[in-house]
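Undergrad: Predicted model follows, preceded by the sequence.
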Amino acid sequence: MSASNDRDSGQVTVIVTVSMLGLLAITALVIDGGLLFATKRNLQSLSDAAARAGAMTLDEQALREGQDQLMIDPGEAEAAASSYLDTAGFHGEFNVSANTSTIRVLLKEEHSSILLGIVGIEHFEMRAASVARPVVGTTREGE
């Protein structure tokens, strides 16, 4: 009986070690995955809000001349979106472009991982993009 005990004496250590590594990997994915999801959601919200801020800068001259369609002032729209991002404290890279009908906001930000750095994943690059158009009043779909 002692021969079988000597043969099996290290198996529990191996099983526990492998199980603990698996548990650590799952914990890292849950923590960093949750952080990644929340960061992406916040970055997208910031991008949407900056695009809306830019879409609110209408070309007043076109409105005074009685244009049927609302037009954005591209220069003011880009400045308003950039100002919104500065005020919100955004520190990543951004690109804002506008024409008379739409404004596009592209954001890029890098975040450090918490636990996935153990396996070599040090940073996550997050991106968000939004497009906004000026709208007045409320509309129903199909009208």
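TA: All right, it came through fine.

Undergrad: From now on I want contacts and neighbour counts done on CA atoms only, so please keep to that.
TA: OK.

Undergrad: residues contacting the residue nearest to His123 when sequence neighbours are not counted?
TA: Excluding the flanking residues, the one nearest His123 by C-alpha to C-alpha, 6 or more residues apart in numbering is Ser112, at 4.3 Å. By C-alpha atoms under 8 Å, 6 or more residues apart in numbering, Ser112 lies in contact with 122-124.

Undergrad: mind putting the residues you listed in TSV, neighbour count and pLDDT included?
TA: Shown next, in TSV, are the contacts of Ser112 (neighbours: other C-alpha atoms under 10 Å; pLDDT from 0 to 100):
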residue	neighbour count	pLDDT
Glu122	13	84
His123	13	86
Phe124	13	88
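
Undergrad: in this protein, which residue is closest to the centre?
TA: Lys40 (2.9 Å; C-alpha atoms, centre = their mean).

Undergrad: on contacts alone, who are the packing partners of the helix or strand where that residue lies?
TA: Assigning secondary structure by DSSP states H and E places Lys40 in helix 11-55. On a contact count with 3 or more C-alpha pairs under 8 Å, 6 or more residues apart in numbering; DSSP states H and E, helix 11-55 meets helix 74-88, strand 103-112, strand 123-132.

Undergrad: got the angle between the second one and strand 123-132?
TA: Using axes from the mean of the first three to the mean of the last three C-alpha atoms, to 10 degrees, the direction of strand 103-112 lies 170 degrees away from that of strand 123-132.

Undergrad: What is the least confident helix or strand in this structure?
TA: helix 2-8 (a mean of 60; mean pLDDT, DSSP states H and E).

Undergrad: low-scoring stretches of the protein, by residue?
TA: Within the chain, the stretches with pLDDT under 70 are 1-9, 136-143.

Undergrad: now with 50?
TA: Scanning the chain for pLDDT under 50 picks out 1.

Undergrad: what sits against the nearest residue to Met71 once chain neighbours are set aside?
TA: Spatial nearest neighbour of Met71, excluding adjacent residues (C-alpha to C-alpha, 6+ apart): Thr100 at 5.0 Å. Neighbouring residues of Thr100 by C-alpha under 8 Å, 6+ apart: 71-74.

Undergrad: Wait, a strand at Thr100?
TA: No: assigned with DSSP: H, G, I helix; E, B strand; the rest coil, Thr100 falls outside any strand and is coil.
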